[in-house]
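Q: quick one, what's the 3D model for this:
(one chain, ligands or ions: 1)
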Amino acid sequence: MTISNGEVFILNTKDLSYVFHVDKTGLLLHDFFGSRIEIKDFNIDAIKQKVSCQKGTSTIYKEEINDQLSMDYALLEFSFPHKGDYKNTPILLKSDSAGYTFDFSYKSYEIKKSPLDNQELPAPHDNDEELVIHLEDSVNRVKVELHYVIFEEANVIARNMVIVNEGNAPLHVLKALSMQLDLVNRDFELKNFVGGWASEMNEANQLLVPGVYVHESKTGFSSHKVNPLFLLKNKDASLDYGDVYIFNLIYSGNHFSEVELTPYGYLRVETGINPFCFDFELKENESFKTPYAVFTFSDKGINGARSNMHKFVNEHVIASRWKEALRPVVINNWEATYFKFTESKVINIARKAKEFGAELFVLDDGWFSTRNDDSHGLGDYWINKKKLPGGLKGLAKKVNKMGMKFGLWFEPESVNPQSDLYKAHPEWAIKSENLAPSLARHQLLLNLGNKDVQDYIIENISKILDEANIEYIKWDMNRHMSDLPNTPNVGEFYHRYILGLYRVLRTLTEKYPHVLFEGCASGGNRFDLGILSYCPQIWASDDTDAHERLSIQNGYLYGYPQSTLSNHVSSTHNHQTLREMSIDTRYNVACFGILGYELIFSEMSKFERQQCKKLIEVYKKYRDVFQFGELSKREYSLYSWAR
Ligand code: DGJ
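A: So this is what the prediction gives:
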């Protein structure tokens, strides 16, 4: 519920309240965010921020109106640079007439209850009220809208910002974050998640001392180096006790979050698109919309806050048709065969797995063109008839006849220089014309900011989906971006790629609503709420070692529900670490999410086969709990449970 008298704004979810007000100068001052409070007649005297400008060298925002208000010493709902706030701000604009100095004052507000627009960027669905605050710099003719969207039952607020250029000269948006939250420090510790390939989501904990903490990705994608998810918690908060905030971003590109603590105890939290190499030009009447940031709070520890976030992801991010849809047990041939397979080999893998209870067979990399290793073929999606004489149609039929669904791997965003596509369209690959591009896994990325590339991908995937009965797609992407092109609007490049990717995913998932899309990017290299808006589950890591996976999965579970985590039991010795582990242990870890297998059942010992069958039966019996159960009890914490 959102209410306002035009001066005080109160946003209530089931358990939380968020309050701010307009100062007489036109600035918005933040007053409260925490467990729900009841406010009568808009009287916020008890919580209203008492501002004091700390005189001395302070820059006073508008001395003639409020001689106590310096932007540097107030909790602001929205801040901008060059008017006395020397902390980092969520916005940086530049135009020939204004330079870098703009001044935004409150103008009006509206409360809406319509669904959010998700045409360009993914947006959460089934929202409650949306509050829009209109701010304006009437001299420089720039407007800013702050959007607050309430998800009452989930106790989550989503925020974004829209910048509109009403002037006739170009406006350069150099930094446009999705949210700012000013708080008073209460011994806060920052928890974020860092790593790399096959080593995702390692917890990093940092007790805040004055300074700026940045966590960001510059790989072009959300990345396994630093996930956009982060938490702020009292230093003594635990699973069931203490104040915990969780923040995330519905975006798959370069992200940027900063937490700044001043020596006076003011704390600013911001998150959004990374300003790295970002320069978005707005001509007259053009606007820029940021992706949604989402956040929640609980005074009942990590479990309280994450059960809010899990609920939000399951109910408002995952497409409604997949909400609570039980997901199939998978058998995937990747670690069983890599590129070396024939139709009869994969049919045998599928048949045996079916006897053990698998429900969906996924044919991984290597089914097209000359792709017999990772150096060739990406971009050319003609079927390799040597491996699959009956084509995908024939294989899908045989798999369906066994009573299983059929799924297929794709890596449509990439191209090998050794491919027909690259020969025909070298200009579609991301590279600077002056320099030889750097390869990763022998491949380049296609420029998804280009509509022709988007259409090529949509057309090719559609052709294959129309030809065979394919009910699942594993959408892979195996590199970071490099070699930005030397084109005039290169400051828009990273963001336009992601908008193009979203157009492709939106088109295909709408056209084939029955197909279950699983996100994959070398495992967790693009595990984020943007991808989850189209793909309800994501392959969590290329590391299938159950021991290592404990901390990886536990990391994800701070902000992503089990229904989004795709985990496989693989063979022993493990292919990444050579560790040996029992079939029970491998299963016990993989079952916390969407269960799959990547091994040859017939190569297991008799004991392992018996165990395997029993455990898949257990999984199916309690599948709703494994996939959608609430992690609200201490004993469900994977990591502590295993130790
Ligand atoms: C990376 C993925 O994460 C793996 O599961 C597998 O699909 C390979 N790519 C195939 O090239």
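Q: nearest residue to the one residue in the stretch 251-400 of the chain that gets nearest to the ligand other than its sequence neighbours?
A: Closest approach between the stretch 251-400 of the chain and the ligand, counting by Cβ to the nearest ligand atom: Asp365, at 3.5 Å. Where you see a C-beta, it was placed from the backbone N, CA and C, and this is true even at glycine. Distances taken as Cβ to Cβ, 6 or more residues apart in numbering put Trp409 closest to Asp365, at 5.3 Å, once the chain neighbours are dropped.
Q: now do the SS call for the one you found.
A: strand (DSSP: H, G, I helix; E, B strand; the rest coil).
Q: give me the number of residues near it?
A: Neighbourhood size, Trp409 [other Cβ atoms under 10 Å]: 21.
Q: equivalent analysis for the one 3 residues further on, please.
A: Pro412 has 23 neighbours, counted by other Cβ under 10 Å.
Q: same thing with the one 3 residues further on?
A: Taking other Cβ under 10 Å as the neighbour definition, Val415 ends up with a count of 25.
Q: any idea how far it lies from Gln454?
A: 14 Å (Cβ to Cβ, to the nearest Å).
Q: related to what we said a few turns ago, now name the helix or strand holding the residue of the stretch 251-400 of the chain closest to the ligand.
A: Under DSSP states H and E, no helix or strand contains Asp365.
Q: swap in Glu617?
A: Using DSSP H and E, Glu617 falls in helix 606-621.
Q: hmm, back to that, mind listing what the residue of the stretch 251-400 of the chain closest to the ligand touches?
A: The contact partners of Asp365, by Cβ atoms under 8 Å, 6 or more residues apart in numbering, come to 334, 338-339, 371, 374, 409, 411, 476.
Q: give me the subset of the residues you listed touching the ligand.
A: Residues of the contacts of Asp365 in contact with the ligand (Cβ under 6 Å from any ligand atom): 334, 409, 476.
Q: what pLDDT does the second one get?
A: Pointing back at Trp409 there. pLDDT recorded at Trp409 is 98.
Q: and what of Phe517?
A: What the model reports as pLDDT for Phe517 is 98.
Q: which residues touch it?
A: Contacts for Phe517 (Cβ under 8 Å, 6+ apart) come out as 472-473, 475, 505, 508-509, 534-536.
Q: again, only using 10 Å
A: 319, 322, 407, 410, 472-475, 505, 508-509, 531, 534-538 (Cβ atoms under 10 Å, 6 or more residues apart in numbering).
Q: Lys112: neighbour count?
A: 14.
Q: any idea how far it is from Asn486?
A: Lys112 sits 43 Å away from Asn486, going by Cβ to Cβ.
Q: before we move on, what about Lys113?
A: Lys113 is 47 Å from Asn486, by Cβ to Cβ.
Q: show me which residues of the stretch 251-400 of the chain sit near the ligand.
A: Contacts of the stretch 251-400 of the chain with the ligand, taken as Cβ under 6 Å from any ligand atom, map to 334, 364-365.
Q: just put the residues you listed in JSON lines and tack on pLDDT.
A: Output for those, formatted as JSON lines (pLDDT from 0 to 100):
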{"residue": "Trp334", "pLDDT": "97"}
{"residue": "Asp364", "pLDDT": "98"}
{"residue": "Asp365", "pLDDT": "98"}
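Q: dump those residues into TSV; add distance to Leu444 as well.
A: Listed next are those as TSV, based on distance: Cβ to Cβ, whole Å:
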residue	distance to Leu444
Trp334	23
Asp364	21
Asp365	17
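Q: for Ile331, give me the backbone phi and psi.
A: phi -120, psi 120 (degrees, to the nearest 10).
Q: correct me if wrong: it contacts Ile347.
A: No: in this structure, Ile331 is not within contact of Ile347 by Cβ atoms under 10 Å, at 11.5 Å.
Q: neighbour-wise, which of the two wins?
A: More neighbours surround Ile331 than the other of Ile331 and Ile347, with 30 against 16 (other Cβ under 10 Å).
Q: quick one: stretch 420-440 near the ligand?
A: No: shown here: stretch 420-440 not in contact with the ligand (Cβ under 6 Å from any ligand atom), separated by at least 12.3 Å.
Q: could you give the separation of that stretch from the chain centroid?
A: 28 Å (Cα atoms, centre = their mean, to the nearest Å).
Q: with stretch 42-57 instead?
A: 36 Å.
Q: got the end-to-end distance for that stretch?
A: One end of stretch 42-57 to the other measures 35 Å (Cα to Cα, to the nearest Å).
Q: average pLDDT for it?
A: Here stretch 42-57 scores 88 as its mean pLDDT.
Q: and Leu360, how far is that from Cys277?
A: Distance, Leu360 to Cys277, by Cβ to Cβ: 40 Å.
Q: neighbour count winner among the two?
A: When neighbours are counted by other Cβ under 10 Å, Leu360 and Cys277 differ, and Leu360 comes out ahead with 21 against 13.
Q: gap between that one and Ile331?
A: On the measure of Cβ to Cβ, Leu360 and Ile331 end up 7 Å apart.
Q: ditto for Tyr512
A: Distance, Tyr512 to Ile331, by Cβ to Cβ: 22 Å.
Q: ok, now Phe278?
A: Counting by Cβ to Cβ - Phe278 and Ile331 are separated by 43 Å.
Q: same question for Ala293.
A: Applying Cβ to Cβ to Ala293 and Ile331 gives a distance of 38 Å.
Q: in stretch 263-283, what's buried?
A: For stretch 263-283, a neighbour-count test (16 or more other Cβ atoms under 10 Å) marks 266-275, 278, 280, 282 as buried.
Q: who's in contact with the spatially most central residue of the chain?
A: With the centre of the chain defined as its mean C-alpha position, the nearest residue by Cα atoms, centre = their mean is Asp528, 1.9 Å away. For Asp528, the residues meeting the contact criterion (Cβ under 10 Å, 6+ apart) are 217, 221-223, 227-229, 248-253, 255, 519, 521, 538, 560.
Q: so Ser563 sits against Phe628, correct?
A: Yes: the criterion here is Cβ under 10 Å, and Ser563 meets it with Phe628 at 5.6 Å.
Q: what do the two both touch?
A: 310, 314, 323-327.
Q: strands of the stretch 401-550 of the chain, start to end?
A: In the stretch 401-550 of the chain, the strands defined using DSSP state E, counting those that start in this stretch lie at 405-410, 414-415, 444-445, 472-475, 516-519, 537-539.
Q: what count of nearby residues applies to Glu496?
A: Careful, residue 496 is Arg and not Glu. The number of residues packed near Arg496 is 16, by other Cβ under 10 Å.
Q: what do you get for the one 10 residues further on?
A: Close neighbours of Arg506, defined as other Cβ under 10 Å, add up to 17.
Q: name all residues that make contact with it.
A: If you count contacts by Cβ under 10 Å, 6+ apart, Arg506 has them with 118-122, 533-534.
Q: nearest residue to Lys113 other than its sequence neighbours?
A: Glu129 (5.5 Å).
Q: quick one, what contacts the one you found?
A: 1-3, 11-12, 111-114, 148-152.
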